[in-house]
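A.B. asks: Next comes the sequence, and after it the predicted model I'd like to discuss.
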Amino acid sequence: MTDPLIRLDRHDSGVAEVVLNRPEAMNAVSTAMAEALTTVGEELRADTSVRAVVVTSSHEKAFCVGADLKERDGFSDDDLRAQRPGNRLAYRALYDLAVPTIAAVDGHALGGGCEIALACDLIVAGPRASFALPEVSVGVIPGGGGTQLLTRRIGWSRAADLIFTARRITGEEGARLGLVDRLVEDAKGEALALADTIAQHSPIGVRNAKTAMRGGLDVSVDDGLDIEDARWHDTAFSADRAEGVRAFAEKRKPSWPGLG
């Protein structure tokens, strides 16, 4: 049996590890790999026991080098049009998750690989990490969310610099620009430890906090505060809130009811 293109490893803490697993192609995203990522995303969305997700790579030197251009080299225009809807679903597979997501990058995150990282809430980078959105150098533009997510993460002018020039940056420069949230020696270890910390907290609280933050990104402050208030009510009158207060009073670790 061949190894899956996207491997899903589950940890006892409620952390799910999504492993990009096409090492022979440095995790280049083929049509089949995009379909596999979408399938894993659907599985994670339906699993209420998952509390955080970490995206890692089975390749020592590459997180993901982007779209499989060797596959596309033989495509007709109709082939490319037919591939596009599936690719859009794949790149949203992580972005649409209700739980916090963390990319552990210690190698090349180029093109679609950079966009997979950008789809996550947090990016942890190791010493070998490099990032680029080089699409204009091969006659296209970022199509996995890069023009939108990079701009929201680091601002218009910094995103324009990277996208218009197609230049590659190190993890250190990514940290200075705000692309990378944590620059560490062991990206995977740090990302899993961070996910474990998140998983210790109220599942309902964490999910609602993320929903409120996402919902308030592109609205007025007043509308954002209304979104926050709605999510506060969802959390404050949940079984998790009752257990959290009880555990605090009894000086013990909470046993979260969560989503069941």
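C.D. replies: Right, received. Where do you want to start?

A.B. asks: what about residue 70, how many residues close to it?
C.D. replies: Residue 70: 10 surrounding residues under other C-beta atoms under 10 Å. The C-beta positions use only the backbone N, C-alpha and C, and glycine is treated the same way.

A.B. asks: Tell me which residues touch it, please.
C.D. replies: 25, 28 (C-beta atoms under 8 Å, 6 or more residues apart in numbering).

A.B. asks: Residue 26 versus that one, what's the distance?
C.D. replies: Noted for residue 70: a distance of 11 Å to residue 26, by C-beta to C-beta, to the nearest Å.

A.B. asks: do residue 173 as well
C.D. replies: 21 Å.

A.B. asks: try residue 84
C.D. replies: In terms of C-beta to C-beta, residue 84 sits 22 Å off from residue 26.

A.B. asks: What of residue 165?
C.D. replies: Taking C-beta to C-beta, one finds residue 165 at 22 Å from residue 26.

A.B. asks: Comparing these two, which residue is more hemmed in?
C.D. replies: Just comparing residue 165 and residue 26: by other C-beta under 10 Å the higher neighbour count belongs to residue 26, 20 against 13.

A.B. asks: Can you name the residues bridging to the nearest residue to that one once chain neighbours are set aside?
C.D. replies: Nearest non-adjacent residue to residue 26, counting by C-beta to C-beta, 6 or more residues apart in numbering: residue 62, 3.9 Å away. Residues in a beta bridge with residue 62, per DSSP bridges, are residue 108.

A.B. asks: ok, which stretches of this protein are helices?
C.D. replies: 31-46, 69-72, 77-95, 112-118, 146-154, 156-165, 171-177, 187-199, 203-215, 221-236, 239-249 (DSSP state H).
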